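**Q** got a predicted structure here, sequence first:
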Amino acid sequence: MEDFRTYGVERIQVSELEINNSLPKNYYFDFIESFLSLPKILQHSLLKEIYEIVSVLFADYTFELFCSKEFFDSKATHSILILIRQTGSNKIIGFNKEHLHERYAFENDYRESNKYICASGIVGCIPEFQGKRILTDLNYLSTYLFVNNFPQNNLVILDFYTNPISYYSLHKISKNIIPSPGKSYSKKILDFIIQTANFKGYKSLPFRHPLMVKEDHLIKNMNKQYLKDNYNKLPKEMKFFIDTTGLEPHAALTCMPIIQILKDNSLGLEEIYYDKPKDLDVKVFRWVINNPKI
């Protein structure tokens, strides 16, 4: 790994996240709070490395479209990048890119109870490391950092799913997800979600479900015929996704996992407060930028 100090970047370990009571892991995390504050040459170098992972995982996603959509969102109030690096080689093996937006559920109401900090972005990990707890640790870490920066706010995630396996995996790491099988929601909640999706540039496709949108890229190697042939053997979350989307090309289901919701919020959501996972034990380095970007 190159010496980032030549770019005026210092990497400082976040000591409170490493409990040191577990076996050493073969990966660690870099946390970059403001990607666009990095020197341009370093931005481009990181983007090229990250896109190598993206090109393996996603179809119909050119380098130019990926960069403009995932890294240069002028509407975002914050832009966060987490890199997963292999211990020893320091190679980037995964990433999480998130934009944060302040959204008010109802116009002309600027009370904190009507404000929702919405995180959305893209996550990827090379196939060799998938299913080895990395993505669970990544979810724990990103959620912890999210809450740590906004401890007294309504916090939600807004993401777009084109694959029933990804939607099923989401339910394994998050308990409070809208929409979920067998549950109904008020019009004001559904309106808030789809309006936020439209705000982010997603076009509504409400022919099957009010939270359907069009996604530019698709996850590679999804065997639709296998899913249809084995439908009766699938878990309820995957059945729900298939029934809802029909597995239409580029049709995505907008989902809102809830991280933290304050009492008396304007959407009438159940009050939820974040609890730090007891097994959050990761090595994290925060990037501090000491010199102006070049």
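**A** Everything's here; your move.
**Q** mind listing the strands for the stretch 101-250 of the chain?
**A** For the stretch 101-250 of the chain, applying DSSP state E, counting those that start in this stretch gives strands covering 115-125, 154-157, 159-161, 177-178, 212-214, 218-219.
**Q** ranking the ones you listed by mean pLDDT, which is last?
**A** The minimum mean pLDDT among the strands of the stretch 101-250 of the chain belongs to strand 218-219 (a mean of 79).
**Q** how many neighbours does A59 have?
**A** 11 (other C-beta atoms under 10 Å). C-beta coordinates here come from the backbone N, C-alpha and C atoms, glycine included.
**Q** partner residues bridging it?
**A** Under the criterion DSSP bridges, A59 forms beta bridges with L218.
**Q** dump the residue contacts of it.
**A** H217, L218, I219, K220 (C-beta atoms under 8 Å, 6 or more residues apart in numbering).
**Q** pLDDT score for it?
**A** A59 is given a pLDDT of 85.
**Q** low-confidence ranges, the stretch 51-200 of the chain, go.
**A** Within the stretch 51-200 of the chain, the ranges that satisfy pLDDT under 70 run 132.
**Q** could you rerun that using 80?
**A** Scanning the stretch 51-200 of the chain for pLDDT under 80 picks out 130-132.
**Q** and the helices in it?
**A** 63-70, 134-149, 164-173, 187-199 (DSSP state H, counting those that start in this stretch).
**Q** which residues does the shortest one contact?
**A** Helix 63-70 is contacted from outside by L47, Y51, V54, K97, G121, I122, G201, D216, H217, using C-beta under 8 Å, 6+ apart.
**Q** ok, for the second one, nearest residue in space, not its chain neighbours?
**A** Put plainly, it is Y51. Once flanking residues are discounted, Y51 sits nearest to F63: 5.3 Å by C-beta to C-beta, 6 or more residues apart in numbering.
**Q** same question, G201
**A** Of all residues not flanking G201 in the chain, K69 sits nearest, at 8.0 Å (C-beta to C-beta, 6+ apart).
**Q** against L234, how distant is the one you found?
**A** Separation of K69 from L234 (C-beta to C-beta, to the nearest Å): 30 Å.
**Q** if we can go back for a sec, pull out the buried residues from the contacts of helix 63-70.
**A** L47, Y51, V54, K97, G121, I122, D216, H217 (16 or more other C-beta atoms under 10 Å).
**Q** from the residues you listed, which is closest to P39?
**A** L47 (12.7 Å; C-beta to C-beta).
**Q** hang on, that closest one packs against F71?
**A** Yes. In terms of C-beta atoms under 8 Å, L47 counts as a neighbour of F71; the distance is 6.7 Å.
**Q** distance to Y110 and mean neighbour count added to the helices of the stretch 51-200 of the chain, as a markdown table?
**A** Shown next, in a markdown table, are those (distance: least, C-beta to C-beta, whole Å; neighbours: other C-beta atoms under 10 Å):
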| stretch | distance to Y110 | mean neighbour count |
| --- | --- | --- |
| helix 63-70 | 29 | 15 |
| helix 134-149 | 20 | 19 |
| helix 164-173 | 31 | 18 |
| helix 187-199 | 15 | 17 |
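**Q** adding distance to R208, write those out as CSV.
**A** Below are those laid out as CSV (distance: least, C-beta to C-beta, whole Å):
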stretch, distance to R208
helix 63-70, 24
helix 134-149, 28
helix 164-173, 14
helix 187-199, 13
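**Q** nearest to F29, of the ones you listed?
**A** Once the helices of the stretch 51-200 of the chain are compared by C-beta to C-beta, helix 134-149 is nearest, at 6.0 Å.
**Q** just want the angle from the closest one to helix 164-173.
**A** 60 degrees (axes from the mean of the first three to the mean of the last three C-alpha atoms, to 10 degrees).
**Q** can you give the contact residues for helix 134-149?
**A** So helix 134-149 is in contact with 17, 25, 27, 29, 31, 78, 80, 82, 84, 93-94, 96, 98, 117, 119, 123, 125, 155, 169, 173-174, 259-260, 274, 276-277, 279-280, 282, 284, going by C-beta under 8 Å, 6+ apart.
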